[in-house]
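> My questions concern the predicted model and sequence given below.
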Amino acid sequence: MLGYISLGTNDMAKATAFYDQIAALVGAKRVWDDENFVAWSNAPTGGFSVAKPFDGKPATVGNGVMAAIAAPDRAMVDKIYEKAVSLGATDEGAPGLRGGDDSTFYAAYFRDLDGNKLNAFYMGPA
């Protein structure tokens, strides 16, 4: 399994202000903080970071790439989505069940301020 995921940014200040608030909702704290790379973790479950690309070129969005934030319940999925949108994220799919009537996969999708696609999800009973 993945240990962490890193998304590129062209504006570190805006990206970290955005993700500080999203990370706080799931109990993650900054564990690395420098001018080119900031990481959050709620170890031992994983980590997330934003970075200026190492090659010095502008960050771009990967087509088909998505990072998923695990939530402890459906209410937290809703909170993460609402917080992200209130901070300027764009809607890519409001919270709801995915995969049919008997699905236990509840998710919401959004794009961050750099256009990276994310989702918040919970898998389990309501």
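Looks like it arrived, so ask away. Numbering: from 1, shown residues only.
> Which stretches in this protein count as helices?
12-25, 74-86 (DSSP state H).
> The first one packs against which elements?
When you say that, I think you mean helix 12-25. Packing contacts for helix 12-25, counted by 3 or more CB pairs under 8 Å, 6 or more residues apart in numbering; DSSP states H and E, involve strand 29-34, strand 37-41, strand 47-51, helix 74-86. Every residue, glycine included, has its C-beta placed from N, CA and C.
> residues making contact with stretch 38-50?
2-9, 12, 15-16, 19-20, 23, 26-33, 37, 51, 67, 69-70 (CB atoms under 8 Å, 6 or more residues apart in numbering).
> Can I get the helices of the chain in CSV including mean pLDDT and mean neighbour count?
Converted to CSV, the helices of the chain look like this (pLDDT from 0 to 100; neighbours: other CB atoms under 10 Å):
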stretch, mean pLDDT, mean neighbour count
helix 12-25, 97, 17
helix 74-86, 98, 18
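> Could I get those helices in JSON lines, plus columns for distance to Asp112?
Output for the helices of the chain, formatted as JSON lines (distance: least, CB to CB, whole Å):
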{"stretch": "helix 12-25", "distance to Asp112": "6"}
{"stretch": "helix 74-86", "distance to Asp112": "7"}
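> Of those helices, give the one that comes closest to Lys57.
helix 12-25 (15.3 Å; CB to CB).
> chain center to the closest one, what's the gap?
Centroid separation for helix 12-25 versus its chain: 10 Å, with CA atoms, centre = their mean, to the nearest Å.
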